[in-house]
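Asker: This is a predicted model, with the sequence first.
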Amino acid sequence: MADYTVLSPATTTISERAQIGAGVVIYPNNHILGDSRIGDNAVLYPNNVIEDSTIGAGAELTASVVRGAIVGKNAKIGPFSHLRPGAIVGENCRVGNYTEIKNAVVGAGTKIAHLTYVGDADIGKNCNIGCGVVFCNYDGARKHRASVEDECFLGSNVNLIAPVRVGAGSFIAAGTTLTRSVPAGSFVIGRVRQESKAGGAQKYVPRGGKHG
């Protein structure tokens, strides 16, 4: 049996089939289910559910759900991340709060900080995926796959309408809806032109009325 630490046995569940590496620290209210494997020196902060998944050495998880997924070495997951079946997160990645990853590969060193959905996608190394990015993978009948190559920057509130490919080193400006693939090194911006009309607030915004 490996030498690991369970800080609160009364609130911790570990499957008989699970494998826990040396130096692992398990905080209260963790549930390690099925054929899960926790690598050496990983830290499971409170409130994780890990099922049939592999957590790499030195990884840190906080208040997240990981099912049928793989987390690479030294990756940081959570709080409140959801890794669904087929999610593969590379080494030294950061997956932050309210991020969901499903059937997708995330390359080493990529950061997906918050409020993002990554479904049916391949993301390269050292990318930055901004707040509110959505990989739009379902057209109502079929699932489609998107690809983001290495060293890309996706600004906040970018929508990728799959199938689409973003070439290496590209910069996709915040608020862009991407409907066509772009070559490597592209700068892409797709927004409705902003217009300001003097006095428009008095004309179009109700004043003094009750709000529902």
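Answerer: Structure's in. What do you need?
Asker: Every contact and neighbour count from this point should use C-alpha atoms.
Answerer: OK.
Asker: Low-confidence ranges, this structure, go.
Answerer: 1, 199-212 (pLDDT under 70).
Asker: how about the helices in it?
Answerer: Using DSSP state H, the helices of the chain run over 200-204.
Asker: Count the residues that sit near the closest residue to Y138 other than its chain neighbours.
Answerer: Nearest residue to Y138 in three dimensions, chain neighbours excluded: H144, at 6.3 Å (C-alpha to C-alpha, 6 or more residues apart in numbering). By the criterion of other C-alpha atoms under 10 Å, H144 has 17 neighbours.
Asker: My guess is H144 contacts A162. True?
Answerer: Yes: with contacts counted by C-alpha atoms under 8 Å, H144 reaches A162, the gap being 5.4 Å.
Asker: what's the overlap in contacts for these two?
Answerer: Shared contacts of H144 and A162, defined by C-alpha atoms under 8 Å, 6 or more residues apart in numbering, comprise 137-138.
Asker: hmm, back to that, now for the residue nearest to Y138: which residues touch it?
Answerer: H144 touches 120, 137-138, 162-163, counting by C-alpha under 8 Å, 6+ apart.
Asker: Filter those down to the buried ones.
Answerer: By neighbour count, with 16 or more other C-alpha atoms under 10 Å, those hold 120, 137, 162-163 as buried.
Asker: Can you lay out those residues as JSON lines showing distance to S196?
Answerer: Below are the buried ones among the contacts of H144 laid out as JSON lines (distance: C-alpha to C-alpha, whole Å):
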{"residue": "D120", "distance to S196": "39"}
{"residue": "N137", "distance to S196": "34"}
{"residue": "A162", "distance to S196": "33"}
{"residue": "P163", "distance to S196": "35"}
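Asker: Out of those, which comes closest to I172?
Answerer: Distances from I172 to these, taken as C-alpha to C-alpha, are shortest for A162 (15.2 Å).
Asker: for that closest one, what are its contacts?
Answerer: Here A162 is in contact with 135-138, 144-146, 179 (criterion: C-alpha under 8 Å, 6+ apart).
Asker: got the buried residues for stretch 14-22?
Answerer: Applying 16+ other C-alpha under 10 Å to stretch 14-22 flags 14, 18-22 as buried.
Asker: Revised request: answer the last question for stretch 20-32.
Answerer: 20-32.
Asker: Out of those residues, which is nearest to S156?
Answerer: Once C-alpha to C-alpha is applied, the member of the buried residues of stretch 20-32 that ends up nearest S156 is N30, at 32.1 Å.
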